[in-house]
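In: here is my input, please return the structure:
(4 chains)
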Number of protein chains: 2
Amino acid sequence: MIKQDKRDEIVRAAKELIAEHGFHGAPMAMIAEHAKVGAGTIYRYFENKDILITELYKDLEERMFPLIREGYEADKPLRERFIHLGTGLLRYFIENPLDFRYVEQFHNSPYGVAHRRDKLLGEKEGCNEFRDLFEEGVSRQIIKEFPLVLLFALSFGPLVSAARDHVLGFVTLDDVLITRIIEACWDGIKK
Amino acid sequence: MIKQDKRDEIVRAAKELIAEHGFHGAPMAMIAEHAKVGAGTIYRYFENKDILITELYKDLEERMFPLIREGYEADKPLRERFIHLGTGLLRYFIENPLDFRYVEQFHNSPYGVAHRRDKLLGEKEGCNEFRDLFEEGVSRQIIKEFPLVLLFALSFGPLVSAARDHVLGFVTLDDVLITRIIEACWDGIKK
DNA sequence: CTAAACGGAATGAACGTTCATTCCCAATCA
DNA sequence: TGATTGGGAATGAACGTTCATTCCGTTTAG
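Out: Numbering: from 1, shown residues only, chains lettered A, B, ... in the order given. Coordinates of the predicted model:
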């Protein structure tokens, strides 16, 4: 029988260490030590380090997306919906800096690029509210006519940069600032 | 006598390999091989790998900034100046994908964070036209009143994301698209 | 000829992964 | 009930590999 709480400990330790020191700064031995587990034990739960890394990301997405969707109403005006999702995401990153750092590490690595390619080409699951919102906005002539990826770039680029600046201590984001940032993003993509 | 062209070969090989495979996918032995140089020779030019990596970045900045500044006229309207610098930077990234990938690798690593911290705290040199432009814009009430780092986030975030999408082949940026992206960034930060 | 530059084999540290062994506990038996 | 045993979970020392760096014999420039 596989015990969930041991797996949880491994996941927690791995996320902490990788978020803080990067994939290469978090050796399996260190992860095992922090999880108070034998080095070999990790391999009972995860086939290898790559799989640990991608499973970790999946776990994270599954907890994150529902939280962001919370309170989302598809019949509200586009701008309002955009602000809701954007502030939700940015707030999540601010409140869960470990998750944010992990997501960043993941996306700036071969894992992340492969993941992104899959998502763009294969219509994979994810937080599709953004995509739907952009498509609706473009077809209703409310949002500038850019390829979808660029609308993502214009929205998430600043969001991620701002979150990074906050997490690294270069600026302190409060609710007011979070909202103003997302509003500025909207100004960037709206016609 | 230290031969410049040998150093250049090392720099070229290192940049190519690191840009393509990341810091950890470019061992010194491989860099040496691609530079057609003995492994030990690298250490006659660079004390260690860390120093090679940061020197490489400095070299790159020194070639990049003058190119972007080219044709910059401080007496033009703010918006025009912003578009000039922004499109210049984005175009540089598009035209020099290796440089772009290297800059990205660098910034998403402990080296980059330290570098950024120095720059923000210590008023280090760099491309200060952007900073001056933002400060002028805020004080003249043309640009939204955000902390400087956030104006950077709102401008460079989309720019970098867009460049990445182009380099990874998710979209193809031409001159028209480049200009429209930077204009959208301006819409995001202007009042 | 001398000294500096060079090359690449040698070195040792660090890593991911494996596997022989130990531990734990529930089922079984007397 | 208390002792025995079977088997899956857990362990961590050991292994093979990879890497940055060093060392030293050879080549080259002056």
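In: from here on, just use CA atoms for contacts and neighbour counts.
Out: OK.
In: contacts only, for the residue nearest to the spatial centre of chain A.
Out: In chain A, the residue lying closest to the centroid (Cα atoms, centre = their mean) is A:Val103, at 5.0 Å. By Cα atoms under 8 Å, 6 or more residues apart in numbering or on different chains, the residues touching A:Val103 are A:Tyr57.
In: ok, it to B:Ala74 distance?
Out: Between A:Val103 and B:Ala74 the distance is 39 Å, computed by Cα to Cα, to the nearest Å.
In: isn't A:Tyr72 right up against A:His84?
Out: Yes - counting by Cα atoms under 8 Å, A:Tyr72 does reach A:His84; the two are 7.0 Å apart.
In: so these two - more neighbours on which side?
Out: A:His84 (19 against 16; other Cα atoms under 10 Å in any protein chain shown).
In: return the residues in contact with that one.
Out: A:His84 touches A:Tyr72, counting by Cα under 8 Å, 6+ apart.
In: that one looks like it's in a strand, true?
Out: No - assessed with DSSP: H, G, I helix; E, B strand; the rest coil, A:His84 is helix; it does not lie in a strand.
In: quick check: it vs B:Arg7, distance?
Out: According to Cα to Cα, A:His84 stands 52 Å off from B:Arg7.
In: what does A:Glu33 give?
Out: From A:Glu33 across to B:Arg7, the span is 42 Å (Cα to Cα).
In: could you do A:Thr179 as well?
Out: Relative to B:Arg7, and taking Cα to Cα, A:Thr179 is found at 49 Å.
In: pull out the buried positions in the one helix or strand in chain A whose mean pLDDT sits lowest.
Out: Least confident helix or strand, chain A: helix A:110-122 with a mean of 80, by mean pLDDT, DSSP states H and E. For helix A:110-122, the neighbour count (16 or more other Cα atoms under 10 Å in any protein chain shown) marks A:Gly112 as buried.
In: with just CA atoms, put it into CSV.
Out: Presented in CSV, the C-alpha positions along helix A:110-122 are these (Å, rounded to 0.1, in the frame of the first residue of the first chain):
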residue,chain,number,x,y,z
PRO,A,110,12.8,22.1,-21.7
TYR,A,111,9.9,20.6,-19.7
GLY,A,112,8.0,23.9,-20.0
VAL,A,113,8.6,24.4,-23.7
ALA,A,114,7.4,20.9,-24.5
HIS,A,115,4.4,21.5,-22.3
ARG,A,116,3.6,24.8,-24.0
ARG,A,117,4.0,23.3,-27.5
ASP,A,118,1.6,20.5,-26.6
LYS,A,119,-0.9,23.0,-25.3
LEU,A,120,-0.8,25.3,-28.3
LEU,A,121,-1.0,22.6,-30.9
GLY,A,122,-3.1,19.9,-29.2
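In: so what does it touch, helix or strand wise?
Out: Taking 3 or more Cα pairs under 8 Å, 6 or more residues apart in numbering or on different chains; DSSP states H and E as contact, there are no helices or strands that helix A:110-122 lies on.
In: near DNA strand C at all, that helix?
Out: No - taking Cα under 7 Å from any atom of the strand as the criterion, helix A:110-122 and DNA strand C are apart, separated by no less than 14.2 Å.
In: quick check: what element follows that helix along the chain?
Out: The helix or strand immediately downstream of helix A:110-122 is helix A:128-139, counting by DSSP states H and E.
In: what is that following helix packed up against?
Out: Packed against helix A:128-139 by the contact rule (3+ Cα pairs under 8 Å, 6+ apart) you find helix A:78-95, helix A:148-167.
In: can you give me the buried ones in it?
Out: Across helix A:128-139, burial judged by 16+ other Cα under 10 Å covers A:130, A:133-135, A:137-138.
In: let's have those in a markdown table, adding pLDDT and distance to B:Ala163.
Out: Output for these, formatted as a markdown table (pLDDT from 0 to 100; distance: Cα to Cα, whole Å):
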| residue | pLDDT | distance to B:Ala163 |
| --- | --- | --- |
| A:Phe130 | 91 | 21 |
| A:Leu133 | 95 | 23 |
| A:Phe134 | 96 | 20 |
| A:Glu135 | 95 | 22 |
| A:Gly137 | 98 | 23 |
| A:Val138 | 97 | 22 |
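In: so which of those is the closest to B:Pro27?
Out: When those are compared for distance to B:Pro27 (Cα to Cα), A:Phe130 wins out at 40.0 Å.
In: my read is that A:Trp186 contacts B:Gly188, right?
Out: Yes - A:Trp186 lies in contact with B:Gly188 (Cα under 8 Å); the separation is 7.2 Å.
In: higher neighbour count, these two?
Out: Neighbour totals were compared for A:Trp186 and B:Gly188, and B:Gly188 leads with 26 against 23 (other Cα under 10 Å).
In: look up the closest residue to that one, ignoring the ones flanking it.
Out: Closest residue to B:Gly188 apart from its sequence neighbours, by Cα to Cα, 6 or more residues apart in numbering or on different chains: A:Gly188 at 4.0 Å.
In: that neighbour belongs to a helix?
Out: Yes - A:Gly188 forms part of a helix when assessed by three-state DSSP.
In: need the contact list for it.
Out: With Cα under 8 Å, 6+ apart as the criterion, the residues that contact A:Gly188 are A:154, B:184-189.
In: now swap in A:Met28 and tell me
Out: A:39, A:49 are the contacts of A:Met28 under Cα under 8 Å, 6+ apart.
In: and it, how far from DNA strand C?
Out: Distance of A:Met28 to DNA strand C, computed by Cα to the nearest atom of the strand, to the nearest Å: 4 Å.
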